[in-house]
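Visitor: just to be clear, the model below is a prediction. Sequence and coordinates:
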Amino acid sequence: MSETGELEGRAINVIRALAMDAVQQANSGHPGTAMALAPLTHVLFTRVMNYDATAPDWPDRDRFILSAGHASMLLYGFLHTTGFGLTLDDIKAFRQWGSRTPGHPERGHAAGVEVTTGPLGQGFANGVGMAIAERHLRETFGADLCDHRIFVICGDGDLSEGVSHEAASLAGHLGLGRLVAIYDDNHITIDGPTEVALSDDAARRFEGYGWNVVQLGEVAEDLEAIEAGLRRAMVVDDRPSLVILRSHIGTPSPKFTDTSKAHGDPLGADEVAVVKRILGLPEDEHFFVPDAVSAYYRAAGRRGLPLREAWEARLGALERDDPERAERWATTWSARGRPGWMARLPRWQPGASVATRAASSDVLTAILPDVPGLVGGGADLTGNTGTAIKGSRPITRTDFTGNQLHFGVREHGMGSIMNGMALHGGTIPFGGTFLVFADYMRPAVRLAALSRAKVAFVWSHDSIGLGEDGPTHQPVEQLASLRAIPHLTVIRPADANETAAAWKVHLEGDGPTAIILSRQALPVLEGTEANADVGVAQGAYVLEAESDPAALDLILIGTGSELSLCVTAAAQLEEEGYSVRVVSMPSCELFGAQSEDVQEDVLPSDALTMVVEAGTSFGWDRWADDAVTIDTFGASAPGAIALEKFGFNVPNVTERARQLMQESAYEDDEYDDDDDEEDEDDE
């Protein structure tokens with residue numbers, strides 16, 4: 001073996017040992033896959049991928065996704081040795097409180113972690129999203145600004161989960177030639193050999209999806225064969241590629257190679273020592289990285305420096321020679337709009353009647369010229385969900401320069417693909433379906449929130465008001481369940497002006513937003529044109545003030561389509577002599593983040609409050625004393641009739657309001673009587 005070959009072999013063995021040592025010290029983790037795939041990942045990081053570890057956010061770098069996120073030590077080992085900034089102390093703190101090396105890779109903890117992975121199949125679908133973003137940018141701006149690949153390592157678990165099927169189908173349909181997924185075909189799951197539950201022919205399945213398939217077979221230790229296979233995949237530019245590699249989990253452990261034990265448990269101190277002896281490493285030295293290996297990997301980490309500098313030179317020349325194109329690139333890459341883009345937001349006058357899903361489409365169409373990064377559509381429901389950009393070309397296999405992306409009937413895949421698009425950079429993805437099908441997307445929504453991915457989840461048909469499709473399609477518990485997800489901003493606008501403001505909140509922010517829209521037309525309310533911009537961003541605001549500020553009897557809180565009901569009910573109660581305030585609360589999360597002074601100004605703590613929302617009551621006790629809600633499933637009927645039968649009408653709301661005020665007055669009287677008795681006793 002040549003001197004270089006010997007050094008590469010030693011370097012790979014150091015990565016294997018780091019994985020064993022970190023898992024052993026933590027007494028928790030998955031060493032086997034990291035050990036088996038160290039040669040593959042070595043080839044990627046030292047021979048194939050274009051990246052610069054000293055500039056991990058360089059836009060035109062190749063992307064690496066470890067979809068098999070349980071093998072996180074595989075990634076951490078290379079991020080440390082190639083110079084991304086992870087220290088040996090970080091490796092030693094694997095899976096510990098406050099460490100930069102959590103049990104599964106989490107974006108934001110360490111440079112070089114492109115996406116948060118672990119829930120199987122998600123990283124694979126993220127890779128599809130990144131490949132969509134890359135090709136859209138390449139065809140829109142040219143290969144001088146965007147020309148790179150996405151590499152994904154996935155396993156049996158990834159390809160078993162349904163989300164990977166959805167994503168692979170769309171990737172094949174679109175011909176994403178810059179996507180290379182490497183399938184670690186190791187035949188082992190936690191329950192035992194994959195054969196206990198899996199007999200798919202992955203090659204034929206992916207060929208059926210329209211992928212290029214490269215079968216490498218038993219070459220997991222052969223660096224030249226691995227590189228040759230990857231390069232065979234990379235020359236195919238009109239289809240995504242699946243490279244199938246047969247590996248042996250836990251290699252070269254005598255006791256645990258090809259066993260479930262190697263998958264999810266530390267090997268044990270004795271076996272670690274045996275394996276280190278086989279690898280030619282000191283048995284009694286932990287976290288051992290010799291200087292020669294460190295220097296070798298650091299050089300590999302800087303291998304892309306000339307490419308990055310050439311890219312930066314091209315960008316500089318573009319800024320000088322074609323400032324308009326350079327400005328458009330900068331705006332797109334920033335995931336923001338041009339200065340003053342908000343002036344394009346449409347406004348609606350009181351008295352108009354507009355479904356908020358229709359208003360959403362009008363907003364997207366109006367702002368696209370100044371927010372060029374917008375890319376998205378619906379899961380076969382583009383026109384139905386307010387995600388149509390009128391006049392925009394659709395993205396197709398032969399033309400990626402448009403902004404309208406048809407996801408097909410693939411809600412789960414759509415969510416995960418959008419996460420990948422957002423985390424790649426250069427696109428602001430949005431995707432729409434019916435709110436009830438947010439349940440199909442929940443894993444992706446949770447990961448968007450965890451990753452702070454700037455994704456707009458657009459969900460329409462927001463209540464039993466959608467009507468005849470019945471309880472299978474009528475969302476009831478979805479609003480409450482989405483509001484329970486940390487770092488997800490849920491906005492349910494009440495009219496067209498609030499819808500425009502919801503998009504403004506999302507585009508000016510940095511994380512995921514759920515925009516909840518109505519199927520039915522809603523009246524444009526008096527006061528939203530002037531107040532929605534500030535009010536929606538604040539989460540809640542006073543839409544109609546009470547007639548007598550000195551004697552506030554009740555605050556009616558409304559969201560979405562029920563806000564107009566609150567306005568009508570309040571007018572009737574005012575005619576009866578009550579002093580009633582109407583508050584629009586499109587976002588509990590945004591309002592909950594406000595200062596106590598702001599919250600007190602909108603919802604005084606001593607005021608009586610009642611919320612009206614066509615969803616479950618769960619969670620509303622934080623803001624309201626009573627709730628006109630629906631804590632059962634809906635029913636098939638025309639939407640207006642369904643709302644009427646479930647009590648979302650003026651007579652029921654006003655009656656419930658009177659009861660609440662009367663009960664409160666009675667309790668106050670009882671309290672006053674108690675005070676009088678105490679006073680008499682004192683006398």
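Guide: The structure has been received and is ready for your questions. Residues are numbered from 1 along each chain as shown.

Visitor: low pLDDT regions in this structure?
Guide: 1, 668-683 (pLDDT under 70).

Visitor: would you map out the domains in it?
Guide: What automatic domain parsing lists as the domains of the chain is 3-303, 341-528, 530-667.

Visitor: turn those into JSON lines, including distance to Glu324.
Guide: Glycine gets a C-beta too; all of them are placed from N, C-alpha and C. Converted to JSON lines, the domains of the chain look like this (distance: least, CB to CB, whole Å):
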{"stretch": "domain 3-303", "distance to Glu324": "12"}
{"stretch": "domain 341-528", "distance to Glu324": "12"}
{"stretch": "domain 530-667", "distance to Glu324": "29"}
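
Visitor: among the ones you listed, which is the most enclosed?
Guide: Most buried of the domains of the chain by mean neighbour count (mean count of other CB atoms under 10 Å) is domain 341-528; its value is a mean of 22.

Visitor: what ranges do the strands span in the stretch 1-150 of the chain?
Guide: 63-66, 150-155 (DSSP state E, counting those that start in this stretch).

Visitor: repeat that for the stretch 501-650 of the chain.
Guide: 513-516, 521-523, 541-544, 554-558, 580-584, 609-612, 626-628.

Visitor: ok, back up a step: Glu327 is nearest to which of the domains of the chain?
Guide: Closest approach to Glu327 among the domains of the chain (CB to CB): domain 341-528, 10.2 Å.

Visitor: mind checking how far stretch 25-33 is from the chain centre?
Guide: With CA atoms, centre = their mean, to the nearest Å as the basis, stretch 25-33 stands 27 Å off its chain's centre.

Visitor: over to stretch 170-182?
Guide: With CA atoms, centre = their mean, you get 20 Å for stretch 170-182.

Visitor: how about stretch 180-195?
Guide: For stretch 180-195 - counting by CA atoms, centre = their mean - the centre lies 26 Å from the chain centre.

Visitor: swap in stretch 271-284?
Guide: For stretch 271-284, the distance to the chain centre is 41 Å (CA atoms, centre = their mean).

Visitor: output that stretch as PDB, nothing but the C-alphas.
Guide: What follows is stretch 271-284, C-alpha atoms only, in PDB (Å, rounded to 0.1, in the frame of the first residue of the first chain):
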ATOM      1  CA  GLU A 271     -14.600  -4.900  22.700                       C
ATOM      2  CA  VAL A 272     -13.600  -1.400  22.000                       C
ATOM      3  CA  ALA A 273     -10.000  -2.300  23.000                       C
ATOM      4  CA  VAL A 274     -10.100  -5.400  20.800                       C
ATOM      5  CA  VAL A 275     -11.300  -3.400  17.800                       C
ATOM      6  CA  LYS A 276      -8.600  -0.700  18.400                       C
ATOM      7  CA  ARG A 277      -6.000  -3.500  18.300                       C
ATOM      8  CA  ILE A 278      -7.400  -4.700  15.000                       C
ATOM      9  CA  LEU A 279      -7.300  -1.100  13.700                       C
ATOM     10  CA  GLY A 280      -3.700  -0.600  14.800                       C
ATOM     11  CA  LEU A 281      -4.600   2.100  17.300                       C
ATOM     12  CA  PRO A 282      -3.500   2.400  20.900                       C
ATOM     13  CA  GLU A 283      -5.900   0.400  23.000                       C
ATOM     14  CA  ASP A 284      -5.600   2.400  26.200                       C
END
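
Visitor: re earlier: of all the domains of the chain, which one comes closest to Gly316?
Guide: Closest approach to Gly316 among these (CB to CB): domain 3-303, 11.8 Å.

Visitor: ends of the closest one, how far apart?
Guide: 20 Å (CA to CA, to the nearest Å).

Visitor: same check, this time on stretch 199-216
Guide: End to end - CA to CA - stretch 199-216 spans 19 Å.

Visitor: got JSON lines for the strands of the stretch 501-650 of the chain, with distance to Arg61 too?
Guide: Converted to JSON lines, those look like this (distance: least, CB to CB, whole Å):
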{"stretch": "strand 513-516", "distance to Arg61": "27"}
{"stretch": "strand 521-523", "distance to Arg61": "46"}
{"stretch": "strand 541-544", "distance to Arg61": "43"}
{"stretch": "strand 554-558", "distance to Arg61": "48"}
{"stretch": "strand 580-584", "distance to Arg61": "44"}
{"stretch": "strand 609-612", "distance to Arg61": "48"}
{"stretch": "strand 626-628", "distance to Arg61": "50"}
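
Visitor: about what we covered before: a markdown table for the strands of the stretch 1-150 of the chain, including distance to Asp258?
Guide: Below are the strands of the stretch 1-150 of the chain laid out as a markdown table (distance: least, CB to CB, whole Å):
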| stretch | distance to Asp258 |
| --- | --- |
| strand 63-66 | 21 |
| strand 150-155 | 14 |
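
Visitor: which stretch among the ones you listed comes nearest Glu139?
Guide: strand 150-155 (15.6 Å).

Visitor: so after that closest one, what's the next helix or strand?
Guide: helix 156-160 (DSSP states H and E).

Visitor: what's the following helix or strand after that next one?
Guide: Going down the chain from helix 156-160, the next helix or strand is helix 162-174, by DSSP H and E.

Visitor: the helix or strand just after that following helix vs helix 162-174, what angle?
Guide: Note on helix 162-174: by DSSP H and E, the next helix or strand toward the C-terminus is strand 179-184. For strand 179-184 against helix 162-174, the angle by axes from the mean of the first three to the mean of the last three CA atoms, to 10 degrees is 140 degrees.

Visitor: sorry, back to before: relative to Gly9, which of the strands of the stretch 1-150 of the chain is closest?
Guide: Closest approach to Gly9 among these (CB to CB): strand 150-155, 20.6 Å.

Visitor: on contacts alone, who are the packing partners of the closest one?
Guide: Here strand 150-155 touches strand 63-66, helix 122-141, strand 179-184, going by 3 or more CB pairs under 8 Å, 6 or more residues apart in numbering; DSSP states H and E.

Visitor: and that strand, which strands flank it?
Guide: strand 63-66 (parallel), strand 179-184 (parallel) (DSSP bridges).

Visitor: so what's the closest residue to Ala496 other than its chain neighbours up against?
Guide: Closest residue in space to Ala496, ignoring its immediate chain neighbours: Ala359 at 3.6 Å, by CB to CB, 6 or more residues apart in numbering. Ala359 makes contact with 346, 348, 386, 493, 495-496, 499-500, 517 under the criterion CB atoms under 8 Å, 6 or more residues apart in numbering.

Visitor: among the residues you listed, which are located in helices?
Guide: Among those, the members found in helices (DSSP state H) are 496, 499-500.

Visitor: in a markdown table: the residues you listed, plus distance to Pro59.
Guide: Output for the ones in helices among the contacts of Ala359, formatted as a markdown table (distance: CB to CB, whole Å):
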| residue | distance to Pro59 |
| --- | --- |
| Ala496 | 36 |
| Thr499 | 32 |
| Ala500 | 30 |
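
Visitor: which of those residues sits closest to Val445?
Guide: Thr499 (20.1 Å).

Visitor: how much space between the closest one and Glu285?
Guide: Noted for Thr499: a distance of 62 Å to Glu285, by CB to CB, to the nearest Å.

Visitor: from the centroid of this structure, which residue is nearest?
Guide: The chain has Ala448 as the residue nearest its centroid, 1.9 Å off, counting by CA atoms, centre = their mean.

Visitor: so which strand or helix has that one?
Guide: Here Ala448 is assigned to helix 438-451, by DSSP H and E.

Visitor: from the chain's centroid, how far away is that helix?
Guide: In terms of CA atoms, centre = their mean, the centre of helix 438-451 is found 6 Å from the chain centre.

Visitor: Leu171 against Pro240, yeah?
Guide: You called it Leu, but residue 171 is Ala. Yes. With contact defined as CB atoms under 8 Å, Ala171 reaches Pro240; the gap is 4.7 Å.

Visitor: okay, and the common contacts of these two?
Guide: Counting by CB under 8 Å, 6+ apart, the residues touching both Ala171 and Pro240 are 128, 131, 179, 211.
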